[in-house]
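>>> need a 3D model of the sequence below.
(one chain, ligands or ions: 1)
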Amino acid sequence: MAIVQPLDSSRLRLSSPEDGRHLEDLDISSTAEVDAAVERARAAQPAWARRPVAERAAILRRAVDVLVARREEIVEQVRAETGKPRVEALAIELVPACDFVNYWCKRAPRDLRTEKRGLHGYLLPMKKLRINYQPLGVVGVITPWNGPFVLSLNPTVQALLAGNAVVLKPSEVTPRSGEFAVRVLREAGVPEDVVQVVHGDGSTGAALVDSEVGKIAFTGSVGTGRRIAAACAEKLTPCTLELGGKDAMIVCADADLERAAAGAVYLSMFNTGQVCLSVERIYVVDSVADEFIRLVAEKASRMRPGEDVGPLFFDRQAEVVDRHVRDAEQRGAEVLLGGSAAEGDGLHFQPTVVTGADHGMALMREETFGPVASIMRVRDEDEAIRLANDSDYGLGGSVFTTSQARAERIAARMTTGSVVHNDAAVIYGVPEAPFGGRKNSGLGQVNGVHSLRGFTHPQPVLLSRGRAKRESIWYPYTDKTVRDLEGLIRHGFGSKLVRRLLR
Ligand code: NAP
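Got it, this is the predicted structure:
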């Protein structure tokens, strides 16, 4: 069953992943329409940027009230397009959305105002440094279908606070959930041309990347990320890429096994396993593996399809999950629970527990993005760390241990963008954390001060102190210029000993 069917070159038919019912036919924005939206945004952006950041923040802060007032409609919209349980629409989309808007509106006036930076070098007596955080113009935001509302809202709010206009291209799989972010911001008071949405498939996204934008903020798969990076390189357009993951969970011998097993089930399967930071590989130390696996199987067997775990959101994803489980089975893994699509019209896949997984299997190497807990026994923590790092991805990772010190030691050895102790995935919901992927998992950060300032050009402005008619190294060059420079090198730098010897 398809949930996205092209009708012709300008329309897509969308159906519910829950039960296959027809949702709507969506008009695709043409390249000319994308260019026109960007042109309107370019015309509107300077007036938006001229408002003080505190004024932009005051407007955007009203979005929290709109989110609270419209929470039911947002939940219903997200659920219609994804089929995710109500708890997940609230916990993954709405709560972080409110938190992000609150946080960025509070931080932006401090983080985006002109900064006075102290100089420490030899220029200190002559110069003063200021840094202006200038907007980039129009930001193209391109987003995926797994967290369609919050992943659209978060970068859009940051880009707007920084004084940019935004044109959003949400996934064709969840267009109205993404569009809702734009509706909320307009209702809060952001002018219509300053925040816009264009709809369509990959070609619409490609048209946005090719248009006159000052930055692309992309969240999605590695393959698309590479194409976008190449297109941006051609035009020297800055971009951030938040891409896929294959996150490892390490279960140490001293872990609280009840928590580790409950975490393993939830963190592999929430949002039907379709989270960039899902636990996709579990390495459990041999001495506790039997009990851990028993607990995981027991907890996973109690999951209620439809209530605890929704459908896959996208038909192509269903094929990937099935292929990974079949491949693991053929290569000797044991499917302890589930393992195939559930009966019915929708895209439901049974909660699945696989043991005896190894790195020869796609299940441990490629992004599965389904409700599958894949478990591999390891000799000890060293082997777990080595295997966790043996991946083309490097988004997140987690360590389950009762010792915080052990968690910190292991985290320092993991080559991932982030590490969480006795939990996982939640790092995306921490706006203070500079979250971003390593290796194939991306470029740049989506949260933290680097992310907010990433929507600006930090422009250093060097101010001259005093009223001297010329700098000492300006023309004409004289013997005194040379003596002064040599004196600076001898007395201004080098260790105390060298300076004493040279005196
Ligand atoms: P995707 O296929 O890469 O699509 C992402 C977005 O890019 C969609 O809006 C898509 O449009 C658009 N697009 C496709 N081809 C394009 C092109 N050539 N130029 C410009 N835009 C193009 O990813 P997805 O399947 O929607 O999302 C799942 C992936 O996102 C997973 O790999 C997941 O791990 C990753 N993800 C990462 C994070 C993170 O923060 N690191 C968060 C969430 C998800 P259409 O959908 O309309 O084709």
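>>> excluding sequence neighbours, find me the nearest residue to the residue in the stretch 251-400 of the chain positioned nearest to the ligand.
Per C-beta to the nearest ligand atom, C276 is where the stretch 251-400 of the chain lies closest to the ligand, at 3.2 Å. C-beta here means a position set from N, CA and C on the backbone, and glycine is covered the same way. Closest residue to C276 apart from its sequence neighbours, by C-beta to C-beta, 6 or more residues apart in numbering: G245 at 4.8 Å.
>>> for A318, grab phi and psi.
phi -60, psi -40 (degrees, to the nearest 10).
>>> that one is in contact with A341, isn't it?
Yes: A318 is within contact range of A341, at 6.4 Å (criterion: C-beta atoms under 8 Å).
>>> list residues touching both of these two?
L347, F349 (C-beta atoms under 8 Å, 6 or more residues apart in numbering).
>>> picking that back up, what about the residue nearest to C276, which SS state?
coil (DSSP: H, G, I helix; E, B strand; the rest coil).
>>> if we can go back for a sec, who has more neighbours out of A318 and A341?
Neighbours around A318 and A341, counted as other C-beta atoms under 10 Å, are more numerous at A318. The numbers are 21 against 17.
>>> ends of stretch 391-409, how far apart?
With C-alpha to C-alpha, to the nearest Å as the measure, the ends of stretch 391-409 fall 20 Å from one another.
>>> oh, I was asking about stretch 186-201
Taking C-alpha to C-alpha, stretch 186-201 runs 24 Å from one end to the other.
>>> rewinding a little: enumerate every residue touching the residue of the stretch 251-400 of the chain closest to the ligand.
N146, T219, E242, L243, G244, G245, L395, Y428, S441.
>>> turn these into TSV, including pLDDT, distance to R323 and neighbour count.
Formatted as TSV, the contacts of C276 follow (pLDDT from 0 to 100; distance: C-beta to C-beta, whole Å; neighbours: other C-beta atoms under 10 Å):
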residue	pLDDT	distance to R323	neighbour count
N146	96	19	25
T219	98	24	24
E242	98	25	29
L243	98	20	28
G244	97	16	24
G245	98	19	29
L395	98	21	30
Y428	97	27	24
S441	98	22	27
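>>> can you give me the strands for the stretch 201-350 of the chain?
Using DSSP state E, counting those that start in this stretch, the strands of the stretch 201-350 of the chain run over 215-219, 239-242, 247-251, 279-285, 334-337.
>>> show me the contact partners of the second one.
Looking back up the chat, that one is strand 239-242. Strand 239-242 has contacts (C-beta under 8 Å, 6+ apart) with 215-220, 225, 228-229, 232, 276, 436-437, 442-446, 451, 454.
>>> name the single longest helix found in this structure.
Ranked by residue count and defined by DSSP state H, the top helix of the chain is helix 31-50.
>>> pull out the buried residues from that helix.
E33, V34, D35, A37, V38, R40, A41, R42, A44, Q45, W48, A49 (16 or more other C-beta atoms under 10 Å).
>>> now do it: which elements does it pack against?
Applying 3 or more C-beta pairs under 8 Å, 6 or more residues apart in numbering; DSSP states H and E, one finds that helix 31-50 contacts strand 138-142, strand 165-169, strand 195-197, helix 202-210.
>>> need the CA coordinates for that helix. CSV is fine.
Extracted as CSV, the C-alpha positions of helix 31-50 are listed here (Å, rounded to 0.1, in the frame of the first residue of the first chain):
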residue,chain,number,x,y,z
THR,A,31,10.1,25.8,-9.6
ALA,A,32,8.6,29.2,-10.6
GLU,A,33,6.4,29.1,-7.5
VAL,A,34,9.4,28.3,-5.3
ASP,A,35,11.4,31.1,-6.8
ALA,A,36,8.5,33.5,-6.4
ALA,A,37,8.1,32.5,-2.7
VAL,A,38,11.9,33.2,-2.1
GLU,A,39,11.6,36.5,-4.0
ARG,A,40,8.7,37.6,-1.7
ALA,A,41,10.7,36.5,1.3
ARG,A,42,13.8,38.5,0.1
ALA,A,43,11.7,41.6,-0.3
ALA,A,44,10.2,41.2,3.2
GLN,A,45,13.3,40.2,5.1
PRO,A,46,15.1,43.6,5.5
ALA,A,47,12.1,45.1,7.4
TRP,A,48,11.9,42.1,9.6
ALA,A,49,15.7,42.2,10.3
ARG,A,50,15.5,45.9,11.1
